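[1] sequence-free structure coming up:
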DNA sequence: GAATACTATAGTTTGTAGTGCAATAGTGTT
DNA sequence: AACACTATTGCACTACAAACTATAGTATTC
């Protein structure tokens, strides 16, 4: 699954689970844009991801880790962390 | 430090450490755009981050974790992972 | 002096906002 | 069940700012 649709599903999942509505993002973004993002029609910038995460009350990386976990099936959090640590370890 | 300039420095750091030139990104992006990113004049989309990481040979989250480590001083990788795990744990 | 990097400029694409309305999902009533 | 009622979301359209590309020139650095 590509990153854009993986982010779309992750955002929608986190949002609904937390009982947040699309309209609750209106302060930080336009509601129709949130709809587009969750349908995979647009891909946000890093700064927008920050604002989305702030509304959700999570760290931006939590949203992003969820995204890449979904993008790469058969991965789990700990293996993902291991991969990151390895990448940042070796020069 | 805001996310955009933190990403700028992280990209430049990873790139130079790995001996990759701005021109090596020409296949995936325009070279002048890389320069703008590294100067903090632009903020990339998630899809662009993917392509940058691919050129660098690291997982996109490695680049992003480095970014947020720099954005939030006094944080280290393990504490960051703990925060993410906690965020994804509680519904 | 040839790579490499920085900068300016102009053009194209796309992220982002705003408006309005149709469609759907819940929720409760009788 | 079926109905109305409300909240929420999908969707089409317009408009603008910003991301992104392309070219070319100038400065660095090796």
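    Sure, I can see it. Everything numeric here is computed off the predicted structure, so don't read it as measured data.

[2] Tell me, please, where in chain A the pLDDT is lower than the cut-off.
    A:90-91 (pLDDT under 70).

[3] interface residues of it facing chain B?
    By the rule C-beta under 8 Å from any C-beta of the partner chain, the part of chain A lying against chain B is A:3-4, A:7, A:17-18, A:43-47, A:49-50, A:58-62, A:64-68, A:77, A:80-81, A:83-85, A:87-88, A:91. Placement of C-beta: from N, CA and C, glycine included.

[4] Now the buried members of those.
    Buried residues within the residues of chain A next to chain B, counting neighbours by 16 or more other C-beta atoms under 10 Å in any protein chain shown: A:3-4, A:7, A:43-46, A:49-50, A:58-62, A:64-68, A:80-81, A:83-84, A:87-88.

[5] starting at the chain centroid, how far to stretch A:46-54?
    Distance of stretch A:46-54 from its chain centroid, counting by C-alpha atoms, centre = their mean, to the nearest Å, is 9 Å.

[6] what's next to that stretch, contact-wise?
    Under the criterion C-beta atoms under 8 Å, 6 or more residues apart in numbering or on different chains, residues A:11, A:25, A:28-29, A:44, A:59-60, A:62-64, B:3-4, B:7, B:43-46, B:49, B:67 lie in contact with stretch A:46-54.

[7] One more pass at 10 Å, please.
    A:7, A:11, A:14-15, A:25, A:27-29, A:33-34, A:37, A:42, A:44-45, A:58-64, A:67, B:2-4, B:6-7, B:43-46, B:48-49, B:64, B:67-68, B:71, B:87 (C-beta atoms under 10 Å, 6 or more residues apart in numbering or on different chains).

[8] circling back to that earlier point, show me which of the residues of chain A next to chain B neighbour DNA strand C.
    Restricting these to those within reach of DNA strand C (C-beta under 7 Å from any atom of the strand) leaves A:43, A:44, A:45, A:47.

[9] who touches the residue nearest to residue A:85 when sequence neighbours are not counted in this structure?
    In space, and not counting its chain neighbours, residue A:85 is closest to residue B:77: 6.6 Å by C-beta to C-beta, 6 or more residues apart in numbering or on different chains. Residues near residue B:77 by C-beta under 10 Å, 6+ apart: A:81, A:84, A:85, A:88, A:89, B:65, B:66, B:69.

[10] show me where chain A has helices.
    Ranges of helices in chain A, per DSSP state H, are A:3-17, A:31-38, A:46-56, A:60-71, A:77-89.

[11] mind giving me CSV with the ones you listed and columns for distance to residue B:54?
    Formatted as CSV, these follow (distance: least, C-beta to C-beta, whole Å):
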stretch, distance to residue B:54
helix A:3-17, 11
helix A:31-38, 23
helix A:46-56, 17
helix A:60-71, 13
helix A:77-89, 12
